[in-house]
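*Asks:* Predicted coordinates and the sequence they were generated for:
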Amino acid sequence: MRRCLALARRAEGRTAPNPIVGAVVVSARGRVLAEGFHRGPGTPHGEAAALAALGGKAPGATLYVSLEPCTHASPRKPRPCAEIVAESGIRRMIFGLRDPFPGHGGGAAQVAAAGIEVVGPVLVDECAEANAAWLTYAREQRAHVTLKAAMTIDGRIATRTGESRWITGPEARADVHRWRDRLDAILVGAGTVIADDPLLTVRGIAGGRDPVRVILDGKAATPPKARLFHSGSPAKTIVAVARDAATRRVVGLEAVGAEVLRLPGTNGRVKPLALARALAERGLLSIFVEGGAETHAAFLDAGLCDRLLLYVAPKAVGGARAPAWLGGEGVAKLADAHGFHFDGAGRRLGEDLLLVLSR
């Protein structure tokens, strides 16, 4: 099953709105006959790809697959995966995770009804972690949110004069690009675009691809001359504005190629949940929220932080005027503090430390 997951992860960031799926077909004597993984929309799912390599037939073999075969058909996929597996002649199927998507589940029972031994779920936690974004979409109809911040040991993201390049070292910055490559969208607030003028692209990753760039900008204040609109990247840029944003500003953003989403909000601020749902409807199931501090606070206050990445540099800035990674008014009582748990120990990246937390 871990081999299935390793295969599935080869397509991270390339399969939305579908899950990542890996499969291995093993003979009765324990020899690997075929492997496969889902490469993206319109291509076979992992089990179908592995069985296709064997002409669709694997009599007496065992199929390992990281996700329960689906029972769903579509114009681009006329045969459900459960049907393909049931007719393959395999003796046994071992699957990692049940399919919770409405109208797609029940594949394990369909395979069992064909007289095939079915075992599972197995390695549930590992399989669920691999498909965290898709599971969030299936269960909550919104995008999965990973919030990232690079900071000093005293929680600062810049000095009192606003200098922020570079808090962390090259190893940590390279890791951020690896995350960008495997998530569907990268999001920053308009303040970050105005202050830093970032490109929001992937660099230094062989075969990397740029995620969709998303700007949280309730008042449509992003300048059309910002570099990300003129970077030459094939990735689209989405600007999320409040419904009452000035039309002339919206027109200016559309003129440089941005897709502008008018979404519900209050006081000129877009509601993060409305944005997370709108992005999921567009097939963007994972959002990498890179800041700044007010954007971090908006997502945390909305209860939208499924995973938290904190890159901590062994430096201290100090001073009340140096900005912290988390903005907003903050809570009044410790009982109301945002709660997380650590996902394992910290990981060293050069001189820096990466802390991974989840709700």
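*Replies:* Yep, that arrived. Numbers count the residues shown, from 1 in each chain.
*Asks:* what about stretch 340-357, how long is it end to end?
*Replies:* End-to-end distance of stretch 340-357: 6 Å, with Cα to Cα, to the nearest Å as the criterion.
*Asks:* Off-centre distance for that stretch?
*Replies:* Put simply, stretch 340-357 sits 19 Å off its chain's centre (Cα atoms, centre = their mean, to the nearest Å).
*Asks:* average model confidence for that stretch?
*Replies:* In this model, stretch 340-357 has an average pLDDT of 94.
*Asks:* do stretch 22-42 as well
*Replies:* Here the average pLDDT along stretch 22-42 is 96.
*Asks:* And that stretch, end to end?
*Replies:* Chord length of stretch 22-42, first to last residue, is 16 Å (Cα to Cα).
*Asks:* do the same with stretch 123-142
*Replies:* Counting by Cα to Cα, you get 25 Å between the two ends of stretch 123-142.
*Asks:* again, but for stretch 225-242
*Replies:* 21 Å.
*Asks:* List the buried residues of it.
*Replies:* Across stretch 225-242, burial judged by 16 or more other Cβ atoms under 10 Å covers 226, 228-229, 231, 233, 235-242. Where C-beta positions appear, they are placed from N, C-alpha and C, glycine not excepted.
*Asks:* Show me what counts as buried in stretch 260-278.
*Replies:* For stretch 260-278, burial by neighbour count (16+ other Cβ under 10 Å) applies to 260-263, 265, 270-278.
*Asks:* Can you report how many residues neighbour Gly283?
*Replies:* 15 (other Cβ atoms under 10 Å).
*Asks:* can you pull the contacts of it?
*Replies:* 16-17, 41, 184 (Cβ atoms under 8 Å, 6 or more residues apart in numbering).
*Asks:* Please indicate which of those residues are buried?
*Replies:* Buried residues within the contacts of Gly283, defined by neighbour count using 16+ other Cβ under 10 Å: 16-17, 184.
*Asks:* Using a markdown table, lay out those together with distance to His338 and pLDDT.
*Replies:* Formatted as a markdown table, the buried ones among the contacts of Gly283 follow (distance: Cβ to Cβ, whole Å; pLDDT from 0 to 100):
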| residue | distance to His338 | pLDDT |
| --- | --- | --- |
| Ala16 | 27 | 94 |
| Pro17 | 29 | 93 |
| Asp184 | 24 | 96 |
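*Asks:* And the residues you listed, which is closest to Phe101?
*Replies:* Phe101 lies nearest to Pro17 out of the buried ones among the contacts of Gly283, by Cβ to Cβ, at 9.9 Å.
*Asks:* From Glu259, how far off is that closest one?
*Replies:* Applying Cβ to Cβ, to the nearest Å, the value for Pro17 to Glu259 is 17 Å.
*Asks:* now the strands for the stretch 51-200 of the chain?
*Replies:* For the stretch 51-200 of the chain, the strands defined by DSSP state E, counting those that start in this stretch cover 62-65, 92-95, 117-119, 144-152, 185-189.
*Asks:* do the stretch 201-350 of the chain as well
*Replies:* Under DSSP E, counting those that start in this stretch, the stretch 201-350 of the chain gives strands at 212-216, 237-242, 259-263, 265-266, 269-270, 286-291, 307-313, 341-342, 347-349.
*Asks:* a markdown table for the ones you listed, including distance to Ala174?
*Replies:* Formatted as a markdown table, those follow (distance: least, Cβ to Cβ, whole Å):
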| stretch | distance to Ala174 |
| --- | --- |
| strand 212-216 | 20 |
| strand 237-242 | 24 |
| strand 259-263 | 30 |
| strand 265-266 | 35 |
| strand 269-270 | 31 |
| strand 286-291 | 15 |
| strand 307-313 | 11 |
| strand 341-342 | 23 |
| strand 347-349 | 8 |
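*Asks:* weakest of those strands by average pLDDT?
*Replies:* Note on these: strand 265-266 shows the lowest mean pLDDT, a mean of 82.
*Asks:* for it, packing partners?
*Replies:* If contacts are counted by 3 or more Cβ pairs under 8 Å, 6 or more residues apart in numbering; DSSP states H and E, strand 265-266 sits against no helix or strand.
*Asks:* Direction included, what does it pair against?
*Replies:* Strand pairing for strand 265-266, using DSSP bridges, gives strand 269-270 (antiparallel).
*Asks:* sorry, back to before: which of the buried residues of stretch 260-278 sit farthest apart?
*Replies:* With Cβ to Cβ as the measure, no two of these lie farther apart than Val260 and Leu273, at 18.8 Å.
*Asks:* least trustworthy helix or strand in the protein by mean pLDDT?
*Replies:* Ranked by mean pLDDT, DSSP states H and E, the helix or strand of the chain with the weakest confidence is strand 265-266, at a mean of 82.
*Asks:* that older thread, out of the buried residues of stretch 225-242, who's nearest Phe37?
*Replies:* Taking these together and measuring to Phe37 by Cβ to Cβ, the closest member is Ala235, at 23.4 Å.
*Asks:* do you know how far the closest one is from Ala335?
*Replies:* 42 Å.
*Asks:* Of all the strands of the stretch 51-200 of the chain, which one comes closest to Ile84?
*Replies:* Once these are compared by Cβ to Cβ, strand 62-65 is nearest, at 10.3 Å.
*Asks:* pull the CA atoms of that closest one into PDB?
*Replies:* C-alpha atoms of strand 62-65 as PDB (Å, rounded to 0.1, in the frame of the first residue of the first chain):
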ATOM      1  CA  THR A  62      -4.000  -9.400  -6.000                       C
ATOM      2  CA  LEU A  63      -4.800  -5.700  -6.600                       C
ATOM      3  CA  TYR A  64      -3.600  -3.100  -4.200                       C
ATOM      4  CA  VAL A  65      -5.100   0.300  -4.600                       C
END
